[in-house]
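Chemist: Predicted model and sequence follow; I will ask about them next.
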Amino acid sequence: MPEPPPGLRLRRVEGGAELDSLEPVWDALQEHHAAMAPELAPGTPKRDNADAWRMRRLKYERWVGDPDTFMVLAELEGRLVGYAFVTVGPGYASWATGERLADLETLSVVPDLRDAGIGGALVEAVWGRLAEIGVTDLAVTTNEANEGARRFYERSGFYPAFVTYHAKRRR
């Protein structure tokens, strides 16, 4: 993994006070998702950025009510260049994870700084916070078509564990 750029500042945030600042970085991730997979499945096209942000922000608003939910913001020269959003819930019932399991709900880095070590720095900061609260397991979901993300997560110590299927109801 590359070293993050000099001057990168990571800042942990709890609560929803800074949600609006995430929108441009979320939009970059949305555009990346759309480029990778214009359709999730047949008949399920991408949302436009404004609608995607509206939907994601609703989830963030719901999640920040949990005391263990947190964000890590990555800033460079006063600019938000990435973030990680993490929730914590019960561990898996079928496997010996800890009693609590974290989900990396979002990891986004602006396009001009991808592969610059920021994603790795964010994941390390997430692990640091999880150690503080006694959580030893972290899960993340990525689109099957997103080979770059899959390689990144595997280099970061994650293993493929589940397959998610999507379907539209037939009429």
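Modeler: The structure has been received and is ready for your questions.
Chemist: Which helix or which strand is home to the most centrally placed residue in the chain?
Modeler: Nearest to the mean C-alpha position of the chain, by Cα atoms, centre = their mean, lies residue 106 at 1.6 Å. Using DSSP states H and E, residue 106 maps to strand 100-109.
Chemist: gap between that strand and the chain center?
Modeler: Strand 100-109 sits 4 Å away from the centroid of its parent chain (Cα atoms, centre = their mean, to the nearest Å).
Chemist: helices and strands around that strand, which ones?
Modeler: helix 23-36, helix 49-63, strand 79-90, helix 118-132, strand 138-140 (3 or more Cβ pairs under 8 Å, 6 or more residues apart in numbering; DSSP states H and E). Bear in mind the C-beta positions are built from the backbone N, C-alpha and C, glycine included.
Chemist: returning to what we had before: which residues pair with the residue nearest to the centre of the chain across the strands?
Modeler: residue 85 (DSSP bridges).
Chemist: Determine the number of other residues adjacent to the closest residue to residue 116 other than its chain neighbours.
Modeler: Using Cβ to Cβ, 6 or more residues apart in numbering and skipping residues adjacent in sequence, the residue nearest residue 116 is residue 5, 5.6 Å away. Burial measure for residue 5: 15 neighbouring residues, criterion other Cβ atoms under 10 Å.
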